[in-house]
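Chemist: Sequence and predicted structure are below.
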Amino acid sequence: MAVHVDVAMVRQVAKLAKLSLTDAELPDVARDLERVLELVAVLDEVDVQGVAPLVHPHELGLLPRADVPKPGLTQVQALANAPAQEDGYFLTPRVIG
């Protein structure tokens, strides 16, 4: 089923979408939108009977690893390579006056 998109329809959609289109742009947008709807109509004709829905179009090769808690660094280990430290904390330059 072909959908005819006219300038009035584009103007209404642009208003609802809060798009600023000039009167000169409206015919081009109408033609482009009509073409998009024609392509969607072609997709509607594809027989997808028996095709399982896809979650992702590509096979996912890198799946996230299991979230397993591991022991972290001790305070001494964390501060071992710090350029400056004081009272067990990282010492950084003041950035707020």
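Modeler: That came through, no problem. Residues are numbered from 1 along each chain as shown.
Chemist: going forward, measure contacts and count neighbours with C-alpha atoms only.
Modeler: Fine.
Chemist: Run a quick neighbour tally on residue 37.
Modeler: 17 (other CA atoms under 10 Å).
Chemist: now swap in residue 87 and tell me
Modeler: 6.
Chemist: go on, the one 5 residues further on?
Modeler: Other residues lying near residue 92 total 11 when counted by other CA under 10 Å.
Chemist: Identify the residue nearest it in space, chain neighbours excluded?
Modeler: Nearest non-adjacent residue to residue 92, counting by CA to CA, 6 or more residues apart in numbering: residue 84, 7.2 Å away.
Chemist: what residues are up against that neighbour?
Modeler: 90-92 (CA atoms under 8 Å, 6 or more residues apart in numbering).
Chemist: again, but for residue 88
Modeler: Residue 88 touches 75-76, 79, counting by CA under 8 Å, 6+ apart.
Chemist: let's go with 10 Å and repeat that
Modeler: 75-76, 78-79 (CA atoms under 10 Å, 6 or more residues apart in numbering).
Chemist: can you check residue 35 too?
Modeler: 2-5, 29, 41.
Chemist: what's the distance between the strand or helix carrying it and the middle of its chain?
Modeler: Element membership for residue 35, per DSSP states H and E: helix 26-44. Distance of helix 26-44 from the chain centroid (CA atoms, centre = their mean, to the nearest Å) equals 23 Å.
Chemist: go on, stretch 59-77?
Modeler: Taking CA atoms, centre = their mean, one finds stretch 59-77 lying 26 Å from the centre of the chain it belongs to.
Chemist: Now do the end-to-end distance for it.
Modeler: Terminal residues of stretch 59-77 are spaced 40 Å apart (CA to CA, to the nearest Å).
Chemist: switch to numbering from 27
Modeler: With 27 as the first residue, the last one maps to stretch 85-103.
Chemist: Contacts for it, please.
Modeler: Counting by CA under 10 Å, 6+ apart, 104-106, 114-115 sit against stretch 85-103.
Chemist: Next, format those as JSON lines and append pLDDT.
Modeler: Below are these laid out as JSON lines (pLDDT from 0 to 100):
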{"residue": "104", "pLDDT": "93"}
{"residue": "105", "pLDDT": "94"}
{"residue": "106", "pLDDT": "94"}
{"residue": "114", "pLDDT": "91"}
{"residue": "115", "pLDDT": "93"}
